[in-house]
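In: what's the 3D shape of this:
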Amino acid sequence: APIYPPANDRCDGAIDVTRGGRFTGSTALATDNSNPPSACGASNNGRDVYFSFTITSPSDVFISSFGSSFDTVLYLGSECGGGGLGCSNNYMASVIPQSMLRMGNAASGTYFITLDGNGASASGDYVLDVYITPTDSASDKCGHAVAFDDLLAGETGATCGYDDDADGSCHVAPTNVDPDRVYFFVIPNGAPARTVTFSTCNVETPTTFDTLLYLRDVCTDAASEIACNDDGPSCFPQAVVSAALGPGDDYLFMDAYDGCGSYRITV
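Out: Here you go, the predicted model:
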């Protein structure tokens with residue numbers, strides 16, 4: 001029987017990802033129809049697939065291929081197969097051979113994502129995360145999720161002035177209007193699963209409010225929650241959330257049981 005490429009191997013079959021979330025599939029049977037922009041520093045002849053999204057008001061857009069089984073290239077354009085609005089080959093200066101793109105304050109219109117392979121031998125199962133949220137400050141929403149500046153050094157910041165966009169399953173406060181922030185982090189392909197712990201318990205830079213932390217596999221999907229903690233052991237009223245995690249990206253929400261203030265997250 002004949003073997004056909006996936007429908008989104010061609011522009012007229014581009015998958016609409018406007019609703020956002022995590023999308024999976026394979027490029028193993030796709031063909032090579034587009035080449036990455038030269039600025040990406042990637043090889044041509046990779047198998048590629050297409051996605052599209054439409055924005056109706058100013059938005060922040062987050063796109064990643066973390067967790068894909070091959071060396072990916074992502075590029076974004078106002079035309080299918082084009083990369084005039086950005087491209088990404090290797091995240092973190094080649095440490096991770098998957099890709100991440102952002103587009104801040106994007107204007108209304110239709111845009112196209114090309115998920116390509118870095119060369120003819122790069123194909124396989126892909127994982128594409130796309131989050132489109134109203135334009136806002138960095139880390140306020142999933143469309144502008146930010147990485148830890150230094151995962152091992154932890155992160156400091158404040159939540160006052162941010163929006164309340166999400167909530168964790170362990171939040172049992174009578175109201176749910178506390179501001180929150182969101183971070184992403186990546187465990188590389190081929191790395192062993194490991195237990196990762198995030199904590200707002202610290203001495204050097206004390207956290208000033210009653211915190212709540214939760215982890216999600218898919219940033220905008222509450223049902224993908226991995227773990228949630230309000231009061232950590234021996235650390236009341238601060239939070240300690242811990243989970244065994246494998247390759248790919250996950251999202252940490254810095255939230256509160258009540259109120260807002262400054263914080264320090266250690267990892």
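
In: what about the residue lying closest to Asn105 once chain neighbours are set aside, how many residues nearby?
Out: Here the nearest residue to Asn105 in space, its sequence neighbours aside, is Thr135; by Cβ to Cβ, 6 or more residues apart in numbering that works out to 4.6 Å. (Glycine included, C-beta is placed from N, CA and C.) One way to gauge burial is a neighbour count; for Thr135, by other Cβ atoms under 10 Å, it gives 16.

In: for Thr135, what are its contacts?
Out: Residues in contact with Thr135, defined by Cβ atoms under 8 Å, 6 or more residues apart in numbering, are 58-60, 104-106.

In: what are the ranges of the helices in the stretch 51-200 of the chain?
Out: Counting by DSSP state H, counting those that start in this stretch, one finds no helices in the stretch 51-200 of the chain.

In: returning to what we had before: buried subset of the contacts of Thr135 as a ChimeraX selection?
Out: Burial among the contacts of Thr135 is assessed by 16 or more other Cβ atoms under 10 Å; the matching ChimeraX selection reads:
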select :59,60,106
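
In: where does the closest residue to Glu155 other than its chain neighbours fall, phi/psi-wise?
Out: Closest residue in space to Glu155, ignoring its immediate chain neighbours: Ile265 at 4.7 Å, by Cβ to Cβ, 6+ apart. Backbone dihedrals for Ile265, given as degrees, to the nearest 10, come out at phi -100, psi 130.

In: hmm, Ile265 is touching Cys201, no?
Out: No - with the criterion set as Cβ atoms under 8 Å, Ile265 and Cys201 do not qualify as a contacting pair; they are 9.9 Å apart.

In: where does the protein have low pLDDT?
Out: Across the chain, the ranges flagged by pLDDT under 70 are 1-2, 94, 174-175, 203.

In: can you rerun that using 90?
Out: In the prediction, the chain carries residues with pLDDT under 90 at positions 1-4, 92-96, 148-154, 171-177, 187-194, 202-206, 208, 231-237, 258.

In: ok, now how distant is the residue nearest to Asn105 from Phe112?
Out: Distance from Thr135 to Phe112, counting by Cβ to Cβ, to the nearest Å: 20 Å.

In: about what we covered before: which of Ile265 and Cys201 has more neighbours?
Out: Using other Cβ under 10 Å as the criterion, Ile265 and Cys201 rank with Ile265 on top: 24 against 18.

In: quick one: contacts for the more buried one?
Out: Neighbour list for Ile265: 148, 154-156, 183, 198-200, 213, 252, 254 [criterion: Cβ under 8 Å, 6+ apart].

In: drop anything exposed from these.
Out: When burial is judged by neighbour count using 16+ other Cβ under 10 Å, the buried members of the contacts of Ile265 are 148, 154-155, 183, 198-200, 213, 252, 254.

In: can you redo these as a markdown table with distance to Asp9?
Out: Supplementary listing: the buried ones among the contacts of Ile265 in a markdown table, determined by distance: Cβ to Cβ, whole Å:
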| residue | distance to Asp9 |
| --- | --- |
| Phe148 | 36 |
| Gly154 | 43 |
| Glu155 | 40 |
| Tyr183 | 34 |
| Phe198 | 40 |
| Ser199 | 45 |
| Thr200 | 46 |
| Leu213 | 41 |
| Leu252 | 35 |
| Met254 | 40 |
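
In: restricted to strands, list the residues you listed.
Out: In this view, those that belong to strands under DSSP state E are 155, 183, 198-199, 213, 252, 254.

In: what about Ser99, neighbour count?
Out: If you count neighbours by other Cβ under 10 Å, Ser99 ends up with 27.

In: for it, phi and psi?
Out: Dihedral angles of Ser99 (phi, psi; degrees, to the nearest 10) stand at phi -130, psi 160.

In: need the contact list for it.
Out: Contacts of Ser99 were listed using Cβ under 8 Å, 6+ apart, and they are 64-65, 72-74, 88-91.

In: re the thing from before, between the contacts of Ile265, which is closest to Ala227?
Out: Distance to Ala227 across the contacts of Ile265 (Cβ to Cβ) is lowest for Leu213, with 8.4 Å.

In: show me what counts as buried in the helix or strand hosting Arg264.
Out: Here Arg264, judged by DSSP states H and E, is contained in strand 262-265. By neighbour count on 16+ other Cβ under 10 Å, the buried set for strand 262-265 is 263-265.
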